[in-house]
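Let me see the structure of the following:
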Amino acid sequence: MGSEGPLEGITVNITGFKKFHGVPENPTEIIVENLKEFVSKRGLPKGLTLGSCNILETVGEGALVNLYATLQSAIAEKRFSILWVHFGVNSGATKFTVEQQAVNEATFRCPDEMGWKPQKEPIIKADGEITHIRETSLPVNKICEALSEKGFDVMISDDAGRFVCNYVYYHSLHFAEQSGTKSLFVHVPLFSTINEETQMLFAATLLEVLASLC
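Prediction:
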C-alpha cells in the first residue's frame, strides 16, 4: 500500500444498508449505527481500530460515486492495514453468512431505491463476462470456524445474490485489488430471526476474529 516501515495494526471500516423493497427496517443499519458504542464498552483487541461506520443507500449504479468516495476515504492513513466489512440482510436467512465471492452480474429482482432494475448486465464492463468472479483474499474458512467456536450459527456462501449486496461487494473487491486493501461481505438475518443483541455481539466478535487472523 506504499507505506514506509511496518504497519501498526488493522483498521476495519464498516458499511450497512438502509431500507429497500420488502425490508422497511434493515437490521444492518441499526448494527452499523450502534457498533462504535457497543465495542467501546466491550473493548477491542490490541492493534485493531474500528474506523468509519457508514450506512449506504440500497442503490446500485446511482450510488457508485458515493461508494468509491467512501472506500477511498479509508486509505488516507497508510500506517494501517485497511479492511472493509460490508453487512447486508438476507430476509430469508436463519443464520449468519460469510460471502466468499461476488459475481460480475447485476440482475436485480426488484428495482433499487432509485428505480434501477438491471438484467444480466456486467457490473464492471472491463472485467468481461457476467460470469466473472472476484473472491475475497480473507481466510473465510478460518473466520467461520472461529465464529462457530464462539457459538454463532454461521455458514460460508459462494453466492451473494445478484442484487445491491453483490453489486457493492463486487466493486469493493475490485477496489481492494487496486488499492491493496481487503474486503468481506457478511449477510445477516432479520432481527425477528436472530435478535438485535445477538447480532451486535456477532458483529463485535467478527472484528475480534478478524484481528486474530489478519
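
CA atoms for contacts and neighbours, from now on please.
OK.

and the residue nearest the centre of the chain, what is it in contact with?
Closest to where the C-alpha atoms of the chain average out (CA atoms, centre = their mean) is residue 86, at 1.4 Å. Contacts for residue 86 (CA atoms under 8 Å, 6 or more residues apart in numbering) come out as 14, 15, 16, 169, 183, 184, 185, 186.

and which of those residues is nearest to residue 70?
residue 15 (9.4 Å; CA to CA).

so where is this structure shaky, pLDDT-wise?
Applying pLDDT under 70 to the chain picks out residues 1-7, 76-79.

Tell me where the longest helix sits in it.
In terms of residue count, the longest helix belonging to the chain (DSSP state H) is helix 196-213.

Of all the residues in that one, which ones are buried?
Neighbour counts over helix 196-213 (16 or more other CA atoms under 10 Å) mark 196, 199-211 as buried.

ok, now stretch 118-126?
118, 122, 123, 124.

out of the residues you listed, what pair is the most spread apart?
118 and 124 (13.1 Å).

on that earlier part again, I'd guess the residue nearest to the centre of the chain is in a strand, am I close?
Yes: Residue 86 sits within a strand when classified using DSSP: H, G, I helix; E, B strand; the rest coil.

distance of it from residue 187?
Distance, residue 86 to residue 187, using CA to CA, to the nearest Å: 8 Å.

I am finished for the moment; much appreciated.
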